[in-house]
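K.L.:
structure of the sequence below:
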Amino acid sequence: MLAADVMRDGLYGSSPPMLELKAYLAKVARSDATVLVTGETGTGKERVANSLHSMGPRAAGPFVAVNCAALPEALVESELFGHRRGAFTGATGDFPGRFIEADHGTLFLDEVGELSPASQARLLRVIEEREVVAVGSTQRRRIDVRIVVATNAELEEMVVRRTFRADLYYRLNVVRIEMPPLREHPEDIGPIIEHFIAQQNHRLAMRVGRPDTELLNHLYHYDWPGNVRELRNLVEAVFVDPPQNRAMCLSDLPPNFRRLFREGVRPGQGERDQLVQVLRDTNWNKVAAAREMNWSRMTLYRKLAKYELDRGES
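P.N.:
Coordinates of the predicted model:
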């Protein structure tokens, strides 16, 4: 696979897990169903939302992205549903709100698990009624919006703890897409980093080479808790003082990345062996084991099935 091919469809990777994901996205894009995208930070959840929009019948309409974690609680309703001039201090003009801005297109709500219970209730009402009322107004406006939401939180656990509304969860969890972490498709690491190097070379008019064998070995064995975003940050850090006209090697990395790689690599220990050891250390507590492996519980159960592990493993 060429590095130039790694970004087809707006998503990184051409490994079997990523090809399966892209094939499913093509089917989901044709529908208008609400989509819940889950996965660890840095796995590309917004790219999925963009792909669903660009491949679907709403591609000619707007794509509006909102980071719910960045919205102050006092401004959530105004930001999402709009406000009228004078509705509150600082409202010096009318604002349509993100739902209206996304009319006939797609609204992407990232980190939806960060919304307060009150904001969750307001969001649920709009999703059910497909109408918004701006702050300071009594006029209802119909909306025609496809909703895609994303989270790296375990919404099921939040529902159990009553920190996320069950009725909203079921409204959002119509089609679910779980993004695989980078460590689950390590064969994409080489082409992805070459893609980022090529991007930086083009942008900065440089000639940095691909990673050498030693560095690739570290890349393949590192856990990548920050996933593709962390890999991109690594390349950007190298280009602060880049190696010109030669391969990139371990010594070219900033000290913090070199330290991370040395701590993260476990020579000779495969993923199954790591999982068995963690299960033993946690007395087969699956919640604790998933946390230790930095996996979601669904990922843990897939791995248990993949490696045919049960409570009797010695």
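K.L.:
quick one, helices of the stretch 151-300 of the chain?
P.N.:
Under the criterion DSSP state H, counting those that start in this stretch, the stretch 151-300 of the chain contains helices at 155-160, 166-172, 189-204, 213-221, 227-238, 255-264, 271-281, 286-293, 297-306.
K.L.:
now the ones you listed in JSON lines, with distance to L71 and mean pLDDT?
P.N.:
Every C-beta, even on glycine, is put in place using the N, C-alpha and C of the backbone. Below are the helices of the stretch 151-300 of the chain laid out as JSON lines (distance: least, CB to CB, whole Å; pLDDT from 0 to 100):
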{"stretch": "helix 155-160", "distance to L71": "18", "mean pLDDT": "92"}
{"stretch": "helix 166-172", "distance to L71": "16", "mean pLDDT": "97"}
{"stretch": "helix 189-204", "distance to L71": "30", "mean pLDDT": "95"}
{"stretch": "helix 213-221", "distance to L71": "36", "mean pLDDT": "89"}
{"stretch": "helix 227-238", "distance to L71": "21", "mean pLDDT": "94"}
{"stretch": "helix 255-264", "distance to L71": "31", "mean pLDDT": "76"}
{"stretch": "helix 271-281", "distance to L71": "36", "mean pLDDT": "81"}
{"stretch": "helix 286-293", "distance to L71": "28", "mean pLDDT": "82"}
{"stretch": "helix 297-306", "distance to L71": "28", "mean pLDDT": "77"}
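K.L.:
tell me which of those sits nearest to D32.
P.N.:
D32 sits nearest to helix 166-172 of all those, at 14.3 Å, using CB to CB.
K.L.:
okay, buried residues for that closest one please.
P.N.:
Using 16 or more other CB atoms under 10 Å as the test for burial, helix 166-172 gives 168-169, 171-172.
K.L.:
send the alpha carbons of that helix over as CSV?
P.N.:
Provided in CSV are the C-alpha atoms of helix 166-172 (Å, rounded to 0.1, in the frame of the first residue of the first chain):
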residue,chain,number,x,y,z
ALA,A,166,-31.4,6.6,29.1
ASP,A,167,-34.0,8.0,26.7
LEU,A,168,-31.4,10.3,25.0
TYR,A,169,-29.0,7.4,24.7
TYR,A,170,-31.5,5.2,22.9
ARG,A,171,-32.4,8.1,20.6
LEU,A,172,-28.7,8.5,19.7
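K.L.:
check the offset of it from the chain's centre.
P.N.:
Here helix 166-172 is found 20 Å from its chain centre; the criterion is CA atoms, centre = their mean, to the nearest Å.
K.L.:
stretch 47-58 too?
P.N.:
15 Å.
K.L.:
next: stretch 251-260.
P.N.:
Counting by CA atoms, centre = their mean, stretch 251-260 is centred 25 Å from the centre of its parent chain.
K.L.:
pLDDT below threshold where in the stretch 1-150 of the chain?
P.N.:
Scanning the stretch 1-150 of the chain with the threshold set as pLDDT under 70 gives 1-10.
K.L.:
quick one, strands of it?
P.N.:
35-38, 63-67, 106-110, 131-133, 140-142, 146-151 (DSSP state E, counting those that start in this stretch).
K.L.:
pick the most deeply packed of the ones you listed.
P.N.:
When you average the neighbours per residue for each of the strands of the stretch 1-150 of the chain (mean count of other CB atoms under 10 Å), strand 146-151 leads with a mean of 26.
K.L.:
what sits closest to the residue lying farthest from the centre of the chain if chain neighbours are left out?
P.N.:
The outermost residue of the chain relative to its centre, with distances by CA atoms, centre = their mean, is G86 at 37.0 Å. Computed as CB to CB, 6 or more residues apart in numbering, the closest residue to G86 that is not its neighbour in sequence is G136, at 6.7 Å.
K.L.:
so who does that neighbour touch?
P.N.:
G136 is in contact with 83-88, 91, counting by CB atoms under 8 Å, 6 or more residues apart in numbering.
K.L.:
grab the nearest non-local neighbour of the residue nearest the centre of the chain.
P.N.:
Central residue of the chain (CA atoms, centre = their mean): K45, 3.1 Å from the mean position. For K45, ignoring the flanking residues on the chain, the nearest one in space by CB to CB, 6+ apart is A150 at 3.9 Å.
K.L.:
now do V208
P.N.:
Among residues not flanking V208 along the chain, P242 sits closest, at 4.8 Å (CB to CB, 6+ apart).
K.L.:
I'd say that neighbour and M206 touch.
P.N.:
Yes. P242 is in contact with M206 according to CB atoms under 8 Å; the separation is 5.7 Å.
K.L.:
overlap in contacts of the two?
P.N.:
Shared contacts of P242 and M206, defined by CB under 8 Å, 6+ apart, comprise Q200.
K.L.:
tell me which of these two has more neighbours.
P.N.:
P242 (17 against 14; other CB atoms under 10 Å).
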